[in-house]
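K.L.:
Task: produce atomic coordinates for the following.
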Amino acid sequence: MALFGRSPFKPIQAHMEKSRACIERIKPIINAIIDNEPAEFDRLFKEISDLESEADIIKNDIRSHLPKSIFLPIDRRDLLEVLDIQEELPDTIQDIGIMLTLRPLKLPADMKEPLNNLIDEVATVCNQAADMVQEFDELVETSFGGKEAEKVLAMIEQINADETVADGTERAAAKKLFDLEKEVEVLDVIMWSRVINKLGDLADSAERMANRLRLMIAK
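P.N.:
This is a model prediction of the structure:
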């Protein structure tokens, strides 16, 4: 039994749930800035920071209990790469929070809807990736084949499609921001542009997770 060691799949799913909890706080924390609610922002930022730290602890624990000698139904390197990409989600969300603390930011009312549309679409892609990770147990039981693999491949296709939609919404939000640049301070335009790019990075990370899992199934 020592050959099998400690299964890494449940901890990876637990790590992803920490990421999902961070994702749920993106929209509230950005709207706390837009609506000038500093106390709410501080509360959410602390929660995100705590969740990111907890995700780090889980990640390090997985790495500590995944020696090269462990028997796994998939390549160890593939599993660690999925974990590394997954870690980008809470890291990026914390980065967004930090950026929002650097200076007081203002945003025209006309930007709130396109920004929230982008957040919603990015959250959809990331939550789909979280749902995909929760299928790890079933994939292992079926040796990454059969109907379960077909189910996960369909989820991956949906993630790819929704990430493409999020890309278009990211461009639309950026264009709207620059259309309003006469109403916004230059530094605010720069900072909100970086926030929009970071939001796009979240969807990109979720898509890369999905595509990595696709390769694992193909092997």
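K.L.:
check contacts around Ala173.
P.N.:
The contact partners of Ala173, by Cβ atoms under 8 Å, 6 or more residues apart in numbering, come to Met111, Pro114, Leu115, Asn117, Leu118, Ile196. (C-beta placed from N, C-alpha, C; glycine too.)
K.L.:
give the contact list for the second one.
P.N.:
Right, the one you point to is Pro114. Thr169, Ala172, Ala173, Lys176.
K.L.:
Quick check, the first one in contact with Leu115.
P.N.:
Pointing back at Thr169 there. No - here Thr169 does not reach Leu115: they are 9.7 Å apart, not a contact under Cβ atoms under 8 Å.
K.L.:
Spatially, what comes nearest to Glu87 if we skip its sequence neighbours?
P.N.:
Nearest non-adjacent residue to Glu87, counting by Cβ to Cβ, 6 or more residues apart in numbering: Lys59, 5.6 Å away.
K.L.:
name the element that neighbour belongs to?
P.N.:
In the assignment (DSSP states H and E), Lys59 maps to helix 38-64.
K.L.:
Would you mark the buried spots in the next helix or strand after that helix?
P.N.:
Downstream of helix 38-64, the next assigned helix or strand under DSSP H and E is helix 76-101. Within helix 76-101, the residues scored as buried using 16 or more other Cβ atoms under 10 Å are 79-83, 85-97, 100.
K.L.:
Ok, stretch 183-192 next?
P.N.:
Of all the residues in stretch 183-192, those buried under the rule 16+ other Cβ under 10 Å are Val184, Asp188, Val189, Met191, Trp192.
K.L.:
One more: stretch 168-178?
P.N.:
Going by neighbour count (16+ other Cβ under 10 Å), the buried part of stretch 168-178 is Thr169, Glu170, Ala173, Ala174, Lys176, Leu177.
K.L.:
Let me have these in JSON lines, extended by secondary structure.
P.N.:
Compiled in JSON lines, those are given as follows (DSSP: H, G, I helix; E, B strand; the rest coil):
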{"residue": "Thr169", "secondary structure": "helix"}
{"residue": "Glu170", "secondary structure": "helix"}
{"residue": "Ala173", "secondary structure": "helix"}
{"residue": "Ala174", "secondary structure": "helix"}
{"residue": "Lys176", "secondary structure": "helix"}
{"residue": "Leu177", "secondary structure": "helix"}
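K.L.:
quick one: which of those is nearest Leu105?
P.N.:
Leu105 has its nearest neighbour among those in Leu177, at 12.0 Å by Cβ to Cβ.
K.L.:
got the CA positions of the least confident helix or strand in the chain by mean pLDDT in CSV?
P.N.:
Here the helix or strand of the chain ranked lowest by mean pLDDT, DSSP states H and E is helix 136-141, holding a mean of 82. Only the C-alpha atoms of helix 136-141 are listed here, as CSV (Å, rounded to 0.1, in the frame of the first residue of the first chain):
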residue,chain,number,x,y,z
PHE,A,136,-10.8,13.8,-11.3
ASP,A,137,-12.1,10.9,-9.1
GLU,A,138,-14.4,9.5,-11.8
LEU,A,139,-11.7,9.9,-14.4
VAL,A,140,-9.2,7.9,-12.3
GLU,A,141,-11.8,5.2,-11.6
